[in-house]
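Visitor: Predicted structure and sequence below. I'll ask about it afterward.
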Amino acid sequence: MRGLSETRSGGASAAASNGAADGSPRRRRLEPDERRAQILACAIDMFGERPYAAVSTAELAQRAGVARGLINHYFGNKRDLYLAVVRRMVTLPKLDAMAVPGGTDRERVDASVHWLLDTIGEHGSTWVKVTSHEGVGDDPEVQQILDEADDAAAERTLVMVGLADSAHSAELRAMVRAYGGLVKVAGREWITRGNLTREQVHELLADLLLTLVTETMPKVDKRR
């Protein structure tokens with residue numbers, strides 16, 4: 001399949017040296033993992049720019065500078081590619097790549113929210129679209145990916161604020177998942193609607209998470 005991504009020789013060489021004559025990106029030889037990542041990056045951009053139905057694999061191939069067959073080779077059909085985009089949007093960095101914050105409760109919460117907003121802001125509108133089901137509606141497979149991501153984010157948040165070892169971690173994770181619903185709405189108000197700045201979103205989420213950590217969650221232990 002690698003030959004599908006090669007540039008043409010002969011009369012096309014001059015055009016290839018400066019990009020294709022029609023303005024599409026020049027095709028270059030890349031290793032399979034690099035090519036797959038390139039296609040996925042273009043898909044992330046396109047699904048963030050327009051509704052799912054308005055994205056065509058033909059246009060995506062042109063933007064990525066690859067033959068259309070490579071998209072099918074690496075991802076299957078458009079829906080499979082979209083699922084890959086959703087997974088990429090909600091996949092958290094590995095824990096060993098993150099520094100668990102220390103300090104006061106407020107400092108730990110601020111660091112956690114800062115990390116969260118960095119994650120959201122990396123792909124902005126695409127993150128908002130996939131987490132709010134824009135484009136494909138109530139797709140069970142998309143929902144499963146999002147549910148698993150919510151569970152992972154809740155677990156990570158408890159680690160970040162120092163509550164991962166609680167005897168009532170299942171209930172605490174449920175509370176964080178509920179808080180996650182607010183995170184998605186706040187992200188939309190910041191990224192797509194522009195009603196809130198990042199700083200305002202940070203204050204909102206940090207204040208509420210601090211209340212959750214210092215007031216609401218301790219009540220779970222007191223009732224047992």
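Guide: Received, thanks. Computed from a prediction, not measured in an experiment: that's the story for all the values here. Numbering: from 1, shown residues only.
Visitor: any low-confidence regions in this structure?
Guide: In the predicted model of the chain, residues 1-30, 94-100, 133-137, 221-224 satisfy pLDDT under 70.
Visitor: Residue 77 - how many residues pack around it?
Guide: Neighbourhood size, residue 77 [other C-beta atoms under 10 Å]: 11. To be clear about C-beta, it is placed using only N, CA and C from the backbone, and glycine gets the same treatment.
Visitor: repeat for residue 53
Guide: 9.
Visitor: Over to residue 107?
Guide: If we define neighbours as other C-beta under 10 Å, then residue 107 has 11 of them.
Visitor: any idea which element it lies in?
Guide: helix 105-131 (DSSP states H and E).
Visitor: Can you name the next helix or strand after that helix?
Guide: helix 140-160.
Visitor: list the buried ones in the helix or strand following that following helix?
Guide: The helix or strand immediately downstream of helix 140-160 is helix 169-191, counting by DSSP H and E. In terms of neighbour count (16 or more other C-beta atoms under 10 Å), helix 169-191 has its buried residues at 169, 172-173, 175-176, 179-180, 183, 186-191.
Visitor: How about stretch 202-221?
Guide: By 16+ other C-beta under 10 Å, the buried positions in stretch 202-221 come out as 202, 204-206, 208-210, 212-213, 217.
Visitor: One more: stretch 157-172?
Guide: For stretch 157-172, burial by neighbour count (16+ other C-beta under 10 Å) applies to 157-158, 160-161, 163, 166, 169, 172.
Visitor: hmm, who's touching it?
Guide: 95, 100-101, 105, 108-109, 111-112, 115, 154-155, 173, 176, 179, 209, 213, 217, 220-221, 224 (C-beta atoms under 8 Å, 6 or more residues apart in numbering).
Visitor: How far off centre is it?
Guide: 23 Å (C-alpha atoms, centre = their mean, to the nearest Å).
Visitor: Ends of that stretch, what's the gap?
Guide: Chord length of stretch 157-172, first to last residue, is 10 Å (C-alpha to C-alpha, to the nearest Å).
Visitor: coming back round to it: filter the buried residues of stretch 202-221 down to the ones in helices?
Guide: 202, 204-206, 208-210, 217 (DSSP state H).
Visitor: Could you pull up the residues touching the closest residue to residue 106 other than its chain neighbours?
Guide: In this structure, residue 106 finds its nearest non-sequential neighbour in residue 210, 6.0 Å apart by C-beta to C-beta, 6 or more residues apart in numbering. The contact partners of residue 210, taken as C-beta under 8 Å, 6+ apart, are 105-106, 109.
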